[in-house]
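# Structure for this input, please:
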Amino acid sequence: HLLGNLHPEIQLSAINQLNKNPSAIIMDTMNYWIENFRDTVKEVISKVDIISINDEESEMITGHKDLKIAANILHSMGPRFVIIKKGKDGAELFNHGKRYITNAFNVDKVIDPTGAGDCFIGGITGYLSQSDEVSFESIKSAIIYGTSLASFNVEDMSIKNLLNLSMSDIEKRINKIK
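As a prediction, the model looks like this:
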């Protein structure tokens, strides 16, 4: 289950409505929620399995620029897996001592970065929903899938570049990212 980048009260409400124990609850958030609803954001963090935030947001929550230290603090708050996005510099996955670093896919020209983070987390969630398990290895693959989708998103305005995307197109980029 993905808790999209919404008000943390809505995220808590969604968690409380789950009838069965999901294989994973994934959280996305942003600086606005962290600045204005810090305690509620922390409560949501305590109830999720995976958190996906950018480097600036991880520093806002933890007080640390060092991603490894920030990830350790986030782990202590609840999530088993921490994904810290670094924009054009890729992302890092942390899981209690394990670390995986991936680069972004370099496109020729960025037209509009709006929605790249949503494509990234949506790709991760979609990949994991088709996976047999939620593990460090499956999340590594999911991050590569999400990175591929995000790279298509930034090459045009809005969702135009995503509308006629084929699995072949996505897989070509995945192979280049690997």
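
# wouldn't Ile101 be in contact with Glu92 here?
Yes. Counting by Cβ atoms under 8 Å, a contact exists between Ile101 and Glu92, whose distance comes to 5.1 Å. Every residue, glycine included, has its C-beta placed from N, CA and C.

# more crowded one of these two?
Regarding Ile101 and Glu92, a neighbour count based on other Cβ atoms under 10 Å identifies Glu92 as having more, with 21 against 13.

# could you say which helix or strand contains that one?
When elements are defined using DSSP states H and E, Glu92 is found to belong to strand 91-95.

# Buried ones in that strand, by neighbour count?
Neighbour-count burial for strand 91-95 flags Ala91, Glu92, Leu93, Phe94, Asn95 (criterion: 16 or more other Cβ atoms under 10 Å).

# For the nearest residue to Ile15 once chain neighbours are set aside, list the residues it contacts.
In space, not counting the residues next to it along the chain, Ile15 is nearest to Lys47; the distance is 5.3 Å by Cβ to Cβ, 6 or more residues apart in numbering. For Lys47, the contacting residues are Leu12, Ile15, Ile25, Gly78, taking Cβ atoms under 8 Å, 6 or more residues apart in numbering as the criterion.

# for the first one, helix, strand, or coil?
So that's Leu12. Put simply, Leu12 is helix when judged by DSSP: H, G, I helix; E, B strand; the rest coil.

# ok, now how distant is the nearest residue to it once chain neighbours are set aside from Asp118?
Distance criterion Cβ to Cβ, 6+ apart; nearest residue to Leu12, sequence neighbours excluded, is Val44 at 5.8 Å. For Val44, the distance to Asp118 (Cβ to Cβ, to the nearest Å) stands at 18 Å.

# if we look at the lengthiest helix in the chain, which residues are touching it?
Of all the segments assigned as helix in the chain under DSSP state H, the longest by residue count is helix 136-153. Counting by Cβ under 8 Å, 6+ apart, the neighbours of helix 136-153 from elsewhere in the structure are 50, 81, 83, 90-91, 93, 95, 98, 100, 102, 104-105, 107, 112-113, 115-117, 119-128, 131-132, 159, 161-162, 165, 169-170, 173-174, 177-178.

# can you pull the pLDDT of the residue nearest to Ser46 when sequence neighbours are not counted?
Among residues not flanking Ser46 along the chain, Gly78 sits closest, at 4.0 Å (Cβ to Cβ, 6+ apart). Confidence at Gly78, expressed as pLDDT, is 96.

# residue contacts, Gly78?
Neighbouring residues of Gly78 by Cβ under 8 Å, 6+ apart: Ile45, Ser46, Lys47, Val48.
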